[in-house]
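> need a 3D model of the following:
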Amino acid sequence: MRYRLTDTSHHVKLSLVNAQRAAGSAGSLHGPYALKLATRPGAGHIAVSIKCATWRYRGPIRLEAYFTFKPEAADLLLSELDVRAFGVLLDIQDAEYRSMPHFRHLAATGWEDVPQGRQLLCYNEIPTKYNGHYLRVDLDLSARAIKRLQCSDRVLALEGVEPMMIPAMANLWCMLNVAWWVETDVDKRAFLYLDSVVFSGDWP
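Below is the predicted model of the structure:
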């Protein structure tokens, strides 16, 4: 797992936009649908889905989701490395700063490693099967701090990991956006499936 660093209880279920819904039980963890991001069949193409929201209290928040990834099963070979990378970012603004924690798995040129962040994810023995993984990101909006990153059974140490921050922009008060992406490494499509994406927090 890697993170982006350049220049330095209520529940809300999110329905993300700009992505395709995949019918059937294969890509979903609960129910008949999963949110499916699909790249075009060209090396380096990235598919992105973003949900734009706002926060109502500067306190602890948590993002949770189940996800899985795979390349298009065109060759009937184990080819998980055909997916160059996938990840999640949050885009948050308060009265002073806009902070943007980014996390990415697999190839990550120009990104910093999360300490002890190397992790192998379950990938099934045939390319048409899926294995869901749990992801949790805990943030403290008041401290502009990343408190916890968990992927499946691994809780990663985040000492010294800080989000990218820039001065606040004039029109983005209380912004709380989340975006997911997947990138293909070869000339075939790569997919990211998302299920049960939830923001929660201890809000008054």
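> tell me the SS of the residue nearest the centre of the chain?
In the chain, the centroid-proximal residue (CA atoms, centre = their mean) is residue 88; its distance is 2.3 Å. At residue 88 the chain is in strand, as set by DSSP: H, G, I helix; E, B strand; the rest coil.
> separation between it and residue 184?
Summarising the geometry, the distance separating residue 88 from residue 184, computed by CB to CB, to the nearest Å, is 17 Å. From N, CA and C alone the C-beta is placed, and that goes for glycine too.
> then residue 197?
When distance is defined by CB to CB, residue 197 is 22 Å away from residue 184.
> report how many residues lie close to residue 140.
Residues within reach of residue 140, counting by other CB atoms under 10 Å, total 14.
> list the contacts of it.
59-60, 147 (CB atoms under 8 Å, 6 or more residues apart in numbering).
> now, the residues you listed that are in strands?
Taking DSSP state E, the ones among the contacts of residue 140 that sit in strands are 60, 147.
> quick one: the helices in this structure?
Listed in chain order, the helices of the chain (DSSP state H) amount to none at all.
> how about low-confidence regions in it?
Scanning the chain with the threshold set as pLDDT under 70 gives 1-31, 108, 125-127.
> go with 90
The chain contains residues with pLDDT under 90 at 1-35, 70-82, 105-132, 156-162, 196, 199, 201-204.
> give me the number of residues near residue 87?
Using other CB under 10 Å: residue 87 sits among 22 other residues.
> spatially nearest residue to it (excluding sequence neighbours)?
Setting aside the residues directly before and after it, residue 87 is nearest to residue 104 in space (CB to CB, 6 or more residues apart in numbering), at 3.6 Å.
> for the one you found, name its beta-bridge partners.
Beta-bridge partners of residue 104, counted by DSSP bridges, are residue 2, residue 87.
> surely it is in contact with residue 86?
Yes: counting by CB atoms under 8 Å, residue 104 does reach residue 86; the two are 7.3 Å apart.
> going by distance to residue 111, which of the contacts of residue 140 wins?
Within these, the smallest distance to residue 111 is 20.3 Å, found for residue 147 (CB to CB).
> how about the closest one: what's its closest non-neighbour residue?
Closest to residue 147 by CB to CB, 6+ apart is residue 138, at 4.2 Å.
> beta partners of the one you found?
According to DSSP bridges, beta-bridge pairing links residue 138 with residue 62, residue 148.
> how many other residues sit next to it?
Residues lying near residue 138 (other CB under 10 Å) number 18.
> can you check residue 113 too?
For residue 113, the tally of surrounding residues (other CB under 10 Å) stands at 12.
> what's opposite it in the beta bridge?
So, taking DSSP bridges as the rule, residue 113 has residue 2 as bridge partners.
> any idea how far residue 135 is from it?
According to CB to CB, residue 113 and residue 135 sit 18 Å apart.
> so how far is stretch 82-100 off the chain centroid?
Taking CA atoms, centre = their mean, to the nearest Å, one finds stretch 82-100 lying 9 Å from the centre of the chain it belongs to.
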